[in-house]
Structures are given as structure tokens and as C-alpha cells.
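*Asks:* no FASTA, just this:
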């Protein structure tokens, strides 16, 4: 479970207590019918089948856990080449709500899970927009008989920024929530395999003209989606940790230069391998993540970081001969150490590189490729249960190879920044 997404406990006991008019009631008292109570009074019963915090919805056999969290985040950065470069500081306040409903059936557990985030954000360094509120559906899915339907973490993902704090991490590697339909088969010894059809509209990297100076050239030739991404993984888990191999097929679909009413397409792909090893010899709960990925025409799976959009990497360039796909790779790592039950440290780093193999595109856009890297760490203090106060630092860089300024790429050849975060979180 991600360090910043822990949502433990449940407020339903207090709610039931308030509704029953007995503010001093304890959880153990709730299943017991009070002496002399009116006929037909319904009491909330504790559900122990799925762990702490679950209670039966009155009149049903469905167990519900209500939870949530509050985050306060204050950011500082040293970016110098974004439009709103004067915004060296900004802040985010987030309220999260979790509803987890489970029912035992003859086919196994039927689960419905919702996690929504309500956020107030002040203006960040890469936008000129005003302060404002946001609502984000983080998870909203149904699980039944091995199937998962809805909005959930991509089954391609493994490391997914585990133990990295904050709403705006600058880490390398894929961490995507997406609409999907998946089936997971579980085998012996902690082995499982998943096949997932995932909505490709959230994975479109764009298709740029090979030479944007051509007459009537569009800024983006990206055509509509006709097929979902096909994602699969093979996973093993045990007391030692976990490992996963992932693969994805991604359709790159474009208009043609000869006729803007017709389309052409190619299939790109991505491969990823990751391992998480528990390190009890260093401390209880300590672990190490290592992960690497390769992409050909499916650049979103690398998890490149560019909040400004100035260095956005497309899936392909389009020329008279058709589509020329981009390629890239990454490697990421993280180690978590718990000094004791109140103090912990996470160190993380990542590196990614991509290549523009189309010679005309290199000349037109002024770069033969680029790299994106990041290194950082955090120190977290948990003075009492479910309250975390932490500081986090990271250094991030985006650099272009052989970059020269052109009319179509006026941005600087690189951007680098120190970033600091003060983070306070309460889960309930």
C-alpha cells in the first residue's frame, strides 16, 4: 500500500452512536439489542470477515468500511523557465473519502470500491491559472469472480511511486489509473496472471508531423481511438516480497498527410519488469523496489515527467512514408527504512531516456532525443496512529540531446529544479 494513500479505520461507529442517541456507546455494545428497546430497532453489527473497520449494512449481508484522509501539502521549487516562474511556492489541501463494500457469494467476494479526492490547489509553477478546487475519482471499480470493472490502477504498473509523498511527485515510472476490464487468475504459491483491456484514450502521446513547416501541417495528427490497450502481467508474491512482468500493446493511429480524411496506424508496445524485496534484517517493514521498462511507440508507459508540457514526447512522427515510432527505456529504484515505529525514511531515484530516430524530425524540432531523471528522499514522523508529518526533497531534470532553438521548439534545451515538500496527513 502506498505510504501516502493509507486510509485506515472507520467513522461508522461514531455515526451509529450519534444516530442511536448514545454518544458513549462502544463498538462492542452495538450488536446487542438494548433492554426495553422498541420492536424493530435495527443495530449495526461488526463484520470480522474482512478485517477491522467493517460493519454490516443494516438489513443486508454486505459489509461496509468507511474511511478517509486529509492531506496538507506545501511546495517549494526552483524552476526558472516555466510560464509562471515567479510561483516558487504553492500549496494543496486534499480530502479523501473511501467506501469499501464486500459481500460473500458462491463465486467469492463481490467487492465495490470507491475513493474520491476533493482538492483545493493554489497556482503551481507551470500554469497561469487561478486558485481553484478539483475533484478526482481515484478509484471506482467492482471486483467479482476474478474480474475487475471500472476505474483502477493499470495492471501494467508495479512500483507506482510506492512511499513517495505528495500529489505532484516528479518520479520516473508509470503510475496510472484508468478505465479497464480485467480478469485475474490466481494459482498456487502466490502466482497470478492478469489480462486487461484498458481505455487507450488516457494513453495517447500524440502524433506530430515529421516537418511542421509543411503546408497545411497540423500541430498533432492524432486520430481517434478504435481499440483499447491490451495489458497483461504475471505476478508472484510471498513472504520474501513480490515480482511482476508486464506487457502492453498500444495502437498509434494517425491522419495521413495525403488525405486528412483517411487514417493510418501502427501498433506500439511496452515491456516492464519489477521486483520488491522485503528487508527484515534492516528493520520491520523495510523493503527495496527495482524496476525497468522499455517502450516502442507507447511512450506513456515510461512515466516521463514534464509538468510544463514543453518537453512532451509523442508516440510517433508522421511523414510521407508513414509513422515513425519513438523508443525509450527507464530504470527506477527505491528503498524504505523504518528506524522505529515512529520514524521512517524513503530514498528514490529514476532515469529515463528516449530517441528520435526520424532524421527529418530531428532537424525540424532540434533534438535527437532526451533524458529525464530524478533523485530524492523523505523523512516521516508518526507521533500517534494515523498522523504523519513529513518533509521530502527531490531534484529533477529534463534534458534534450543535441538541442537547438527552432521556431517550433523555442524552449530551453533542459530544465532542472530542486523541490521541497512539507506534508501532513491524517487517516481515519
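*Replies:* Happy to help now that I have it. What you see is a predicted model; the values in this text were computed from it and never measured.

*Asks:* rest of the way, CA atoms for contacts and neighbours
*Replies:* OK.

*Asks:* how near is the nearest residue to residue 223 once chain neighbours are set aside to residue 371?
*Replies:* Leaving aside its chain neighbours, residue 223 sits nearest to residue 254 (4.6 Å; criterion: Cα to Cα, 6 or more residues apart in numbering). To residue 371, residue 254 is 26 Å away according to Cα to Cα, to the nearest Å.

*Asks:* equivalent analysis for residue 182, please.
*Replies:* Counting by Cα to Cα, the gap from residue 182 to residue 371 is 33 Å.

*Asks:* how far off centre is the helix or strand containing the residue nearest to residue 223?
*Replies:* Taking DSSP states H and E as the criterion, residue 254 maps to strand 241-255. Here strand 241-255 is found 15 Å from its chain centre; the criterion is Cα atoms, centre = their mean, to the nearest Å.

*Asks:* in that strand, what's buried?
*Replies:* Across strand 241-255, burial judged by 16 or more other Cα atoms under 10 Å covers 242-255.

*Asks:* so where's the stretch 301-428 of the chain uncertain?
*Replies:* Low-confidence segments of the stretch 301-428 of the chain (pLDDT under 70): 307-311, 403-413.

*Asks:* where exactly do the strands run in it?
*Replies:* Using DSSP state E, counting those that start in this stretch, the strands of the stretch 301-428 of the chain run over residues 316-319, 322-325, 327-338, 343-355, 369-381, 387-401, 414-427.

*Asks:* residue 157 should be in a strand, yeah?
*Replies:* No: assessed with DSSP: H, G, I helix; E, B strand; the rest coil, residue 157 is coil; it does not lie in a strand.

*Asks:* could you number the chain from 21 rather than 1 from now on?
*Replies:* Renumbered: residue one is now 21, and that last one reads residue 177.

*Asks:* show me what contacts it?
*Replies:* Shown in contact with residue 177 (Cα atoms under 8 Å, 6 or more residues apart in numbering): 194, 195, 196, 266.

*Asks:* out of the residues you listed, the closest to residue 435 would be?
*Replies:* Of all the contacts of residue 177, the one with the least separation from residue 435 (Cα to Cα) is residue 194, at 21.0 Å.

*Asks:* which residues does the residue lying closest to that closest one once chain neighbours are set aside contact?
*Replies:* Distances taken as Cα to Cα, 6+ apart put residue 323 closest to residue 194, at 4.2 Å, once the chain neighbours are dropped. By Cα under 8 Å, 6+ apart, the contact set of residue 323 is 192, 193, 194, 195.

*Asks:* can you point out the buried residues in stretch 115-125?
*Replies:* Neighbour-count burial for stretch 115-125, counted by 16+ other Cα under 10 Å, picks out 115, 116, 117, 118, 119, 120, 121, 122, 123.

*Asks:* include secondary structure and distance to residue 440 when you put the residues you listed into JSON lines, please.
*Replies:* Compiled in JSON lines, those are given as follows (DSSP: H, G, I helix; E, B strand; the rest coil; distance: Cα to Cα, whole Å):
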{"residue": "115", "secondary structure": "strand", "distance to residue 440": "21"}
{"residue": "116", "secondary structure": "strand", "distance to residue 440": "23"}
{"residue": "117", "secondary structure": "strand", "distance to residue 440": "27"}
{"residue": "118", "secondary structure": "strand", "distance to residue 440": "28"}
{"residue": "119", "secondary structure": "strand", "distance to residue 440": "32"}
{"residue": "120", "secondary structure": "strand", "distance to residue 440": "34"}
{"residue": "121", "secondary structure": "strand", "distance to residue 440": "37"}
{"residue": "122", "secondary structure": "strand", "distance to residue 440": "40"}
{"residue": "123", "secondary structure": "strand", "distance to residue 440": "43"}
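
*Asks:* show me which pair in those is furthest apart.
*Replies:* Spatial extent of the buried residues of stretch 115-125 (Cα to Cα) is set by the pair 115 and 123 at 27.1 Å.

*Asks:* okay, the buried residues of strand 261-275 in CSV with distance to residue 207 next?
*Replies:* Formatted as CSV, the buried residues of strand 261-275 follow (distance: Cα to Cα, whole Å):
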residue, distance to residue 207
262, 15
263, 15
264, 14
265, 16
266, 17
267, 20
268, 22
269, 25
270, 28
271, 31
272, 34
273, 37
274, 41
275, 44
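
*Asks:* how close does the nearest residue to residue 363 once chain neighbours are set aside sit to residue 277?
*Replies:* Take residue 363 and drop its neighbours on the chain: the residue closest to it by Cα to Cα, 6+ apart is residue 401, 4.7 Å away. Distance of residue 401 to residue 277, computed by Cα to Cα: 57 Å.

*Asks:* and these two? Which one has more around it.
*Replies:* Legend: neighbour count by other Cα atoms under 10 Å for residue 401 and residue 277, higher for residue 277 (21 against 17).

*Asks:* tell me the contacts of the closest residue to residue 291 other than its chain neighbours?
*Replies:* What sits nearest to residue 291 in space, not counting adjacent residues and going by Cα to Cα, 6+ apart, is residue 267, at 4.5 Å. Neighbouring residues of residue 267 by Cα under 8 Å, 6+ apart: 176, 251, 252, 253, 289, 290, 291, 292.

*Asks:* kindly state the beta-bridge partners for the second one.
*Replies:* On the basis of DSSP bridges, residue 251 is bridged to residue 216, residue 268.
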